[in-house]
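Undergrad: From the sequence below, what's the structure:
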Amino acid sequence: MPRLATPFKALFLAILGLFCLPLGAHSIPDVPVRGNFQTGGEAEITIEINPRNWTESPKMAPSLEQKEFLTYTTAQKEELLKQTRAWVATYLEFTLEPIGRVQPDFTYDFVAETGKPLLAMNDAVVARGRWKTKIPAGVTGWKVRSLPGHKVAVVFMNTINGQEHPRVPVLFPGEASFTLDLTGLAAAQPTAPTPGSVSAQHDEHGGWNTFKGFLRYGFLHVLPEGLDHILFVLGLFLLSRSWRPVLTQVTAFTLAHSLTLGLAAAGLIKVPASIVEPIIALSIAAIALENIFHPQYTRWRLVIVLIFGSIHGLGFASGLAEKPIPQDSFLLALTGFNVGVESAQLAVIALAFGATFWIKDETHYRRWIVIPASILISLAGLFWAYERLS
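TA: Residues are numbered from 1 along each chain as shown. Predicted coordinates for the structure are as follows:
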């Protein structure tokens, strides 16, 4: 038996490592922080914390669903709130300018994501904190800092006098938001917005910053966090290293999932995750098995990629659809997120190609890489489908 070259070993072990990792829920348990400010000083700060956030791997951990939450005792619910308060105190910093750091007195309850009531048994349970307060006189700004040490993103969203602010930064650990201008909002009586206030100012860098934040967010949604999409893209690559099949498949996959991503994120189509996630897992297995039993590129392969790409788009949409992104920022956020996803997919293909491009013996390549890797990928997909259906 010929020994595997180092790049072969690396690719094989990488796929084996992905299979050995726990496969979990597809959504990203980020932390939305919403500020709602009114002229006259009325303000409400809302935050949502998913219990997955304090686990070792938030992306991989399963959500706490209502069917399980209903069995919790009072003591268990109090423990959840204790952990929630500790997480907020440790990893978030709230600032009112020029006062400095403040500690919101949040009142917590349990809801579904985006503040919706818990209805279905498979609704993910999150702890929602609300702080209603009065903006002190002299306050000119508000911002949030995501402190180092945790593994999720903080999404900073604001509304001024009922108008959603178009700038929506995604804060990774160690990053701070921009300072939201609150000039004039703390007046004793309602007044018209003053020049320089949020309602009147033009934020010339807001759109670009929103785009950049969601671009990174989309990239991380695939690499390194989106193990299912990594496996699927590797499955596409393993059919053939020739540029035409790879380019055609990736283009078809991109077009298909971009379309359904946009439609789903806009709320025009909605398919339950309980349906989407098992199909995504089965698509991984199907692509990998075809690499073994039908190794030639055909038009039928392209049709399969288009169909599965549209399903993956619905999965990608979970990274956006559950966030109340302001309408003025939606297109920028969607575009940035999609570009990030595509960049990550191309990075996966580039890494796979870089590990194998110099190998000229196609017989050995297929025998020792394509077939073993495709078997592992198909097993991972089937296991994941079983896990998601159970």
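Undergrad: And Trp208, how far from Asp361?
TA: Counting by CB to CB, to the nearest Å, the gap between Trp208 and Asp361 amounts to 48 Å. Yep, even glycine has a C-beta here, placed from its N, CA and C like the rest.
Undergrad: who's more crowded, these two?
TA: For Trp208 versus Asp361, the count of surrounding residues by other CB atoms under 10 Å is larger for Trp208: 13 against 10.
Undergrad: Now do that one against Asp30, distance only.
TA: When distances are taken as CB to CB, Trp208 and Asp30 turn out to be 21 Å apart.
Undergrad: Leu263 now?
TA: Note on Leu263: its distance to Asp30, by CB to CB, is 22 Å.
Undergrad: swap in Thr84?
TA: From Thr84 over to Asp30 the distance is 15 Å, taken as CB to CB.
Undergrad: higher neighbour count, these two?
TA: Thr84 (24 against 20).
Undergrad: okay, now the domains of the chain?
TA: Under the assignment named as automatic domain parsing, the residue ranges that make up the domains of the chain are 6-25+216-389, 31-191.
Undergrad: Out of those domains, indicate the one that is most buried.
TA: Of all these, domain 6-25+216-389 carries the top mean neighbour count, a mean of 19, counting by mean count of other CB atoms under 10 Å.
Undergrad: so how far is that one off the chain centroid?
TA: Taking the mean C-alpha point of domain 6-25+216-389 and that of its whole chain, the gap between them comes to 15 Å (CA atoms, centre = their mean, to the nearest Å).
Undergrad: Leaving out sequence neighbours, find the closest residue to Asn122.
TA: What sits nearest to Asn122 in space, not counting adjacent residues and going by CB to CB, 6 or more residues apart in numbering, is Glu65, at 5.2 Å.
Undergrad: As a check, name the ranges of all helices in the protein.
TA: Ranges of helices in the chain, per DSSP state H, are 6-20, 66-69, 74-91, 206-222, 227-239, 243-265, 273-293, 299-316, 327-356, 362-365, 371-389.
Undergrad: Export those helices as a markdown table, with columns for mean pLDDT and distance to Arg130.
TA: Shown next, in a markdown table, are these (pLDDT from 0 to 100; distance: least, CB to CB, whole Å):
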| stretch | mean pLDDT | distance to Arg130 |
| --- | --- | --- |
| helix 6-20 | 43 | 40 |
| helix 66-69 | 93 | 19 |
| helix 74-91 | 95 | 12 |
| helix 206-222 | 79 | 25 |
| helix 227-239 | 89 | 35 |
| helix 243-265 | 85 | 26 |
| helix 273-293 | 88 | 27 |
| helix 299-316 | 86 | 30 |
| helix 327-356 | 85 | 23 |
| helix 362-365 | 86 | 58 |
| helix 371-389 | 90 | 33 |
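Undergrad: With distance to Glu164 added, can I get the ones you listed in a markdown table?
TA: What follows is those, written out as a markdown table (distance: least, CB to CB, whole Å):
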| stretch | distance to Glu164 |
| --- | --- |
| helix 6-20 | 39 |
| helix 66-69 | 29 |
| helix 74-91 | 24 |
| helix 206-222 | 12 |
| helix 227-239 | 30 |
| helix 243-265 | 16 |
| helix 273-293 | 26 |
| helix 299-316 | 23 |
| helix 327-356 | 7 |
| helix 362-365 | 53 |
| helix 371-389 | 34 |
